[in-house]
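>>> Sequence first, predicted coordinates after that:
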Amino acid sequence: MQTAITLFLLVMAALMITGSKLSDRWGRKRCFTIGLAVYGVGALLSAISPGLGVLILGNSLLEGVGSALLIPPVYILTTLLFTDLQSRARAFGRISGMGGVGAATGPLIGGLITTAISWRAALGISFVVSVFLQTVRGYNAIQTGVIFTAATVGILVSSLGAERFAGRRTQKSLILAGFVTTIARIGLLIGLVGASDAILAFVPGLLLIGLGVGVMLTPSVNVVQSAFPEDLQGEISGLSRSVSNLGSSLGTAIAGTILVSDLAAGNRSYALAMASLDR
């Protein structure tokens, strides 16, 4: 599973710049539609995959290609349609908020599907915590989905406040505050989970991590996209998403390797994996 997730992120990172250029050549709406179709085919293959080979074809390759085609047009069009910093903050905040809504329902619905049908029908939960919850703590997919709702609520709340934050603080200060908050809350999550076996021990840390990520995410995208003129929006959108996905793939690979190398260690391997994300 770690292999499939890491390859998915690497494919997106490798093709995101190409996807951005194709959106300029083919048109943003057409590129988005094609990407959505390719992603859908990949999801279908993942659902019927008999093993890792077909799963990698569907999830890692086709869904990765589809994502590389459909993500850049969203950022390009938002930057071009909203011309000042605060309106862009509001727009990017709403995009992040809607992503939060999807992320809130995704783990819950995915948990139900995984429990009732098969894991193949519901892939894309945060790797480290979900592996720890299900492998070490023995929680089922539904319980795992419920726990992740705390982080999603945090992202949703902070993303919806993006316009107000942009009017009161500089984008740089928001990015720094979100980054520091996220790192500190990872430490809180490690400490609480290490001290208690209760499900509720995950809630405060995940909620505050979600708040930190939401505060950081919108201004970081806003700053990058707003720094370049219209004729370079394709390039910068692809480059920024490529770097983001490359970081995600490295994080998944490093933290996942630490986590699964010594699952018998329980809390210790989880703490080391989460600490590596701080770096």
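Done, it's in.

>>> List the residues that contact Leu57.
Leu57 makes contact with Gly42, Leu45, Ser49, according to CB atoms under 8 Å, 6 or more residues apart in numbering. Yep, even glycine has a C-beta here, placed from its N, CA and C like the rest.

>>> Strands along this structure, start to end?
Along the chain, counting by DSSP state E, no stretch forms strands.

>>> any idea how far the residue nearest to Leu9 when sequence neighbours are not counted is from Phe202?
Closest residue to Leu9 apart from its sequence neighbours, by CB to CB, 6 or more residues apart in numbering: Ser249 at 3.6 Å. For Ser249, the distance to Phe202 (CB to CB, to the nearest Å) stands at 25 Å.

>>> Comparing the two, which residue is more hemmed in?
Neighbours of Ser249 and Phe202, each counted by other CB atoms under 10 Å, are more numerous for Phe202; the result is 24 against 20.

>>> What confidence value was assigned to the more buried one?
Here, the pLDDT recorded for Phe202 equals 77.

>>> Excluding residues flanking it in the chain, which one is nearest it?
Among residues not flanking Phe202 along the chain, Ile147 sits closest, at 5.0 Å (CB to CB, 6+ apart).

>>> Just give me the neighbour total for that neighbour.
Per other CB under 10 Å, the neighbour tally for Ile147 reads 22.

>>> Please tell me how far it sits from Ala43.
For Ile147, the distance to Ala43 - CB to CB - is 24 Å.

>>> Next: Ser220.
28 Å.

>>> With Leu207 instead?
According to CB to CB, Leu207 and Ala43 sit 29 Å apart.

>>> follow-up on the earlier one: report the contact partners of the residue nearest to Phe202.
By CB under 8 Å, 6+ apart, the neighbours of Ile147 are Val129, Leu133, Tyr139, Ile199, Phe202, Val203, Leu206.

>>> which among those gets closest to Ala91?
Leu206 (26.4 Å; CB to CB).

>>> so the closest one sits right up against Ile155, yeah?
No: using CB atoms under 8 Å, Leu206 is not in contact with Ile155, being 10.1 Å away.

>>> Low-confidence stretches in the stretch 101-250 of the chain?
Low-confidence segments of the stretch 101-250 of the chain (pLDDT under 70): 101-129, 131, 135-136, 141-142, 194.

>>> Helices of that one, start to end?
For the stretch 101-250 of the chain, the helices defined by DSSP state H, counting those that start in this stretch cover 127-131, 141-160, 162-168, 171-195, 202-226, 233-261.

>>> Take those and lay them out in CSV including distance to Gly97.
What follows is these, written out as CSV (distance: least, CB to CB, whole Å):
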stretch, distance to Gly97
helix 127-131, 22
helix 141-160, 4
helix 162-168, 8
helix 171-195, 15
helix 202-226, 8
helix 233-261, 18
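
>>> For Leu80, find the nearest of the ones you listed.
Leu80 sits nearest to helix 233-261 of all the helices of the stretch 101-250 of the chain, at 6.5 Å, using CB to CB.

>>> residues of the closest one that come out buried?
233-234, 236-242, 244-246, 248-249, 251-253, 255-256, 258-260 (16 or more other CB atoms under 10 Å).

>>> again with stretch 14-28
Ala14, Leu15, Met16, Ile17, Gly19, Ser20, Leu22, Ser23, Asp24, Arg28.

>>> which of the contacts of Leu57 tops the neighbour count?
Neighbour counts for the contacts of Leu57, by other CB under 10 Å, peak at Gly42, which reaches 23 neighbours.

>>> any idea of the pLDDT on that one?
As summarised for this prediction, Gly42 has a pLDDT of 92.

>>> begin at 78 from here
Done: numbering now begins at 78, and the last item shifts to Gly119.

>>> Would you mind confirming that it makes contact with Glu140?
Yes: at 3.7 Å, Gly119 counts as touching Glu140 under the criterion of CB under 8 Å.

>>> Look at the nearest residue to Val118 once chain neighbours are set aside and say how many residues are nearby.
Once flanking residues are discounted, Val118 sits nearest to Leu139: 5.7 Å by CB to CB, 6+ apart. Residues lying near Leu139 (other CB under 10 Å) number 22.

>>> same deal with Gly215?
8.

>>> Now it: phi and psi?
Here is the backbone geometry of Gly215 (degrees, to the nearest 10): phi 80, psi 20.

>>> From Phe209, how far out is it?
Distance of Gly215 to Phe209, computed by CB to CB: 11 Å.

>>> Good, wrapping up.
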